[in-house]
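# Turn this into a structure:
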Amino acid sequence: MHTISLKISDALYTEINSITANHKIEKSTLVRRALEYYLKNSDVQKGSFLDLAQDLCGVVEGPKDLSSHPKHLENYGHS
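As a prediction, this is how the structure comes out:
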């Protein structure tokens with residue numbers, strides 16, 4: 001198991017102390033359970049950028065050498 005250190009507000013620390021005392025569990029157990037719950041139930045999409053943007057791949061038309069041909073790079077980065 002790995003260790004993570006973090007800083008929390010006084011109010012959050014007080015709340016954690018109260019909950020752990022009432023439920024007789026360790027602070028680390030409460031925080032671990034809260035993180036597991038959040039990660040399991042969050043709406044954050046999982047996968048690589050390619051997985052998430054798959055529907056966008058190949059939809060733009062243009063020169064195949066747009067990123068490498070010197071002709072296309074003239075004045076690149078200049079206002």
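# and the residue nearest to the spatial centre of the chain, what helix or strand is that in?
The centroid of the chain falls nearest to residue 44 when counting by CA atoms, centre = their mean (7.4 Å). Remark: residue 44 resides in no helix or strand, with elements defined by DSSP states H and E.
# Next up, phi/psi of it, please.
When read as degrees, to the nearest 10, the backbone of residue 44 gives phi -70, psi 130.
# Test for you: state the pLDDT assigned to it.
pLDDT, residue 44: 74.
# For it, give its distance to residue 38.
For residue 44, the distance to residue 38 (CB to CB, to the nearest Å) stands at 9 Å. (Each C-beta comes from the backbone N, C-alpha and C, glycine too.)
# again, but for residue 4
From residue 4 to residue 38 the distance is 14 Å (CB to CB).
# per-residue confidence for the residue lying farthest from the centre of the chain?
Relative to the C-alpha centroid of the chain, counting by CA atoms, centre = their mean, residue 71 is the outermost residue, at 37.9 Å. Per-residue pLDDT puts residue 71 at 84.
# and it, backbone torsions?
Torsion angles, degrees, to the nearest 10, at residue 71: phi -60, psi -40.
# do you know how far it is from residue 56?
26 Å.
# So, low pLDDT: which residues of this protein?
79 (pLDDT under 70).
# please redo it, this time with the cut-off set to 90
1, 39-79 (pLDDT under 90).
# the helices in it, which residues?
Per DSSP state H, the chain carries helices over the ranges 10-23, 27-41, 49-52.
# among those, which is nearest residue 75?
Evaluated with CB to CB, these place helix 49-52 nearest to residue 75, the distance being 28.8 Å.
# List the buried residues in the closest one.
Buried residues in helix 49-52, counting neighbours by 16 or more other CB atoms under 10 Å, are absent.
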